[in-house]
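In: coords please:
(2 chains)
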Number of protein chains: 2
Amino acid sequence: MNSDYELIIIGGGIAGLTAAIYGARAHLKTLILERQTCGGLANWAVEIENFPSHEKISGITLMERVKTQAEKLGAEIREIVEISAIQFNGQSKRIETDEGTFQAKAVIVATGREPIRLPLEVDSDHIHYCAICDGSVYRGRDVLVVGGGNSGTGDALYLLNQGVRTIILIEQMDRLLANQASQKALCAHPEVTILTSTEISGIAVKGKDHWVTLKNSRTGETQTIEAGGIFVYIGQAPQTGLFKGILEMDDQGYILGDETMETNVEGIFVAGDVRHKTYRQLTTAMNDGTIAALAAEAYLRSLRSDSTK
Amino acid sequence: MNSDYELIIIGGGIAGLTAAIYGARAHLKTLILERQTCGGLANWAVEIENFPSHEKISGITLMERVKTQAEKLGAEIREIVEISAIQFNGQSKRIETDEGTFQAKAVIVATGREPIRLPLEVDSDHIHYCAICDGSVYRGRDVLVVGGGNSGTGDALYLLNQGVRTIILIEQMDRLLANQASQKALCAHPEVTILTSTEISGIAVKGKDHWVTLKNSRTGETQTIEAGGIFVYIGQAPQTGLFKGILEMDDQGYILGDETMETNVEGIFVAGDVRHKTYRQLTTAMNDGTIAALAAEAYLRSLRSDSTK
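Out: Next up, the predicted model:
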């Protein structure tokens, strides 16, 4: 097996796959390394309405199409690959994985974000972070949703659609932060209870059931409720553990890139949700992937022309 | 007719249409004003292979889909509207057109670029800037293509496919600048002559035929050739005439925007090819349109919360 590439992309979400499309079309020998399966957070979206050219499309369908496109153009994709170490010094960058070591002179980091886990030590298979992934088994059951932003309310509506019996949705702040349309739909539903200024103070697991103690942060009052499953939406964190001390990041761990997505390390580019920026959408991630790949191609070209001088 | 909107987008290419999708989904009363028909330069692309989620799609089909999507989400689109004056002072921005005056507190400028015209005074209906628009009538005829970049070579290949008899392609520089694949395909074609370091020094029109004098800039030699049609690809220029002296621009007339696409004038945002930046692709234009619409929405929200204080 030849483990030498011209461009390696770490992460197969929309940013990484777009970079692969542009890398492959520029005739770069391109590899994507993905820890899980390709698609990233978009796979978790039931229905996407703001991706130009698709009025409505499921996240999984969309990402499957983009992945196929990247492969047909010639990009190589390896899924379920765990990276153990990276070596970004010098011109040739090395990435060590459980499937061997891969090398390239240009690397794009597109590792995205993942949900922040519930900060409680609980041993349970019924705490989830994605209704589309794990919601179907809760038909007819009572569910707790944690977080009143767009993700939490959106997935609560999805769970109701899937036939859960009741939902209690709790939000730490004194109001929901979701868009008005979702809030309205949720408030109008007879089987939904919304509790603001409320946090989980403890969870006791008994078989398949969870006894969850909720605390009102304004009054100090507590109550205990029963939930078959708990769906958690308390934010996202950038996946940058591998790059700490190597790539420059902001206070929250997002990687800094310049106008051409290059990081502080020559030959290493950043794209997508993992990059320090204001707005994170599919369209903005495609932008980053495009620019990172075109800038990587220009960088590789400059190395070749240096070596022939 | 109510001419008051919350968001007016000038230009209905991919940047403007994406901004409209995001504006409409944010429940802003959104209007697109387009000078021609929607779609922008993408309409001129025979086949697009680098738009994520479509392996191959014609520019016209793609843009028709995006336009329909924006309309279904609630954006209003007015085509064939000529703007005569703009007034960006103060909170309420006014746009005067041949269909009346429109007002909004936020405006996105997404006017794109257009081909640079052949710098010769010639009265002819057979000088073109888009093979997909105008190429079909040249089947069996001899055609001159001016410009050896990606546009010129790409459209030359398209014209051959449409059945033109011969092509002479001229390029001012001493080599073609197009991607290797297009250059190779063109050079291999028996009916194509490529002349580098060559410019047009004069055109004489006789009926449907053009006698074109070509000059080699290295040797000074001239030759005269006959061409049924002339297709010109000598670059693109930003469409910013309306905004001169109002919006800050770079030396080439591209509008400067900050990280959230806001210009030097409060409430005026810029998106797409008309913005000062390095890479211009469909994906990067969608990024700009997304961010400009989300930033405009935040700006409008800040005005409302100021007015309730």
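In: Every contact and neighbour count from this point should use C-alpha atoms.
Out: Noted.
In: how far away is A:Ala70 from A:Gly16?
Out: In this view, A:Ala70 and A:Gly16 are 10 Å apart by CA to CA, to the nearest Å.
In: hang on, A:Thr111 packs against A:Val274?
Out: Yes. Counting by CA atoms under 8 Å, A:Thr111 does reach A:Val274; the two are 6.2 Å apart.
In: which residues do these two both contact?
Out: Taking CA atoms under 8 Å, 6 or more residues apart in numbering or on different chains as the criterion, A:Thr111 and A:Val274 both touch A:238-240.
In: Which residue ranges make up the domains of chain A?
Out: Using automatic domain parsing, the domain parsing of chain A gives A:7-115+A:236-307, A:127-232.
In: closest one to B:Leu31 among these?
Out: domain A:7-115+A:236-307 (17.2 Å; CA to CA).
In: Out of the helices and strands in chain A, which is least certain?
Out: None of the helices or strands of chain A scores lower by mean pLDDT, DSSP states H and E than helix A:131-134, at a mean of 85.
In: now for the next helix or strand after it, which elements pack on it?
Out: For helix A:131-134, the following helix or strand on the C-terminal side (DSSP states H and E) is strand A:142-146. Where contact means 3 or more CA pairs under 8 Å, 6 or more residues apart in numbering or on different chains; DSSP states H and E, strand A:142-146 is packed against helix A:150-161, strand A:166-170, strand A:222-227, strand A:229-232.
In: right, so of the ones you listed, which gets closest to chain B?
Out: helix A:150-161 (13.0 Å; CA to the nearest CA).
In: All the strands of the stretch 51-200 of chain A, residue numbers only.
Out: Taking DSSP state E, counting those that start in this stretch to define them, one finds strands in the stretch 51-200 of chain A at A:76-78, A:83-87, A:93-97, A:100-104, A:106-109, A:113-115, A:127-128, A:142-146, A:166-170, A:192-195, A:198-206.
In: And A:Glu226, how far from B:Ser136?
Out: Taken as CA to CA, the span from A:Glu226 to B:Ser136 is 70 Å.
In: Compare these two (neighbour count), which wins?
Out: A:Glu226 (17 against 14; other CA atoms under 10 Å in any protein chain shown).
In: tell me the pLDDT at that one?
Out: Here, the pLDDT recorded for A:Glu226 equals 93.
In: what do you get for the one 3 residues further on?
Out: Predicted confidence (pLDDT) for A:Gly229: 93.
In: what pairs with it across the strands?
Out: Legend: beta-bridge partners of A:Gly229 under DSSP bridges are A:Val143.
In: State whether it and A:Val137 are indeed in contact, as I suppose.
Out: No. Using CA under 8 Å, A:Gly229 makes no contact with A:Val137, being 9.4 Å away.
In: Looking at these two, which has the bigger crowd around it?
Out: Per other CA under 10 Å, whichever of A:Gly229 and A:Val137 has more neighbours is A:Gly229, with 24 against 12.
In: OK, contacts around that one?
Out: So A:Gly229 contacts A:126-128, A:138, A:142-144, A:209-210 (CA under 8 Å, 6+ apart).
In: Can I have the buried ones of those residues as a PyMOL selection?
Out: Here is the PyMOL command that selects the buried residues among these (16 or more other CA atoms under 10 Å in any protein chain shown):
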select buried, chain A and resi 126+127+128+138+142+143+144+210
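In: just the contacts of A:Gly229: which has the poorest pLDDT?
Out: Among those, A:Asp209 has the weakest pLDDT, 82.
In: what residues are up against the closest residue in space to A:Ser53 that isn't next to it in sequence?
Out: Distance criterion CA to CA, 6 or more residues apart in numbering or on different chains; nearest residue to A:Ser53, sequence neighbours excluded, is B:Val66 at 4.5 Å. The contact partners of B:Val66, by CA under 8 Å, 6+ apart, come to A:52-54, B:14, B:17-18.
In: can the helices and strands packed on strand A:142-146 go into CSV with extra columns for distance to B:Arg218?
Out: Output for those, formatted as CSV (distance: least, CA to CA, whole Å):
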stretch, distance to B:Arg218
helix A:150-161, 64
strand A:166-170, 76
strand A:222-227, 82
strand A:229-232, 70
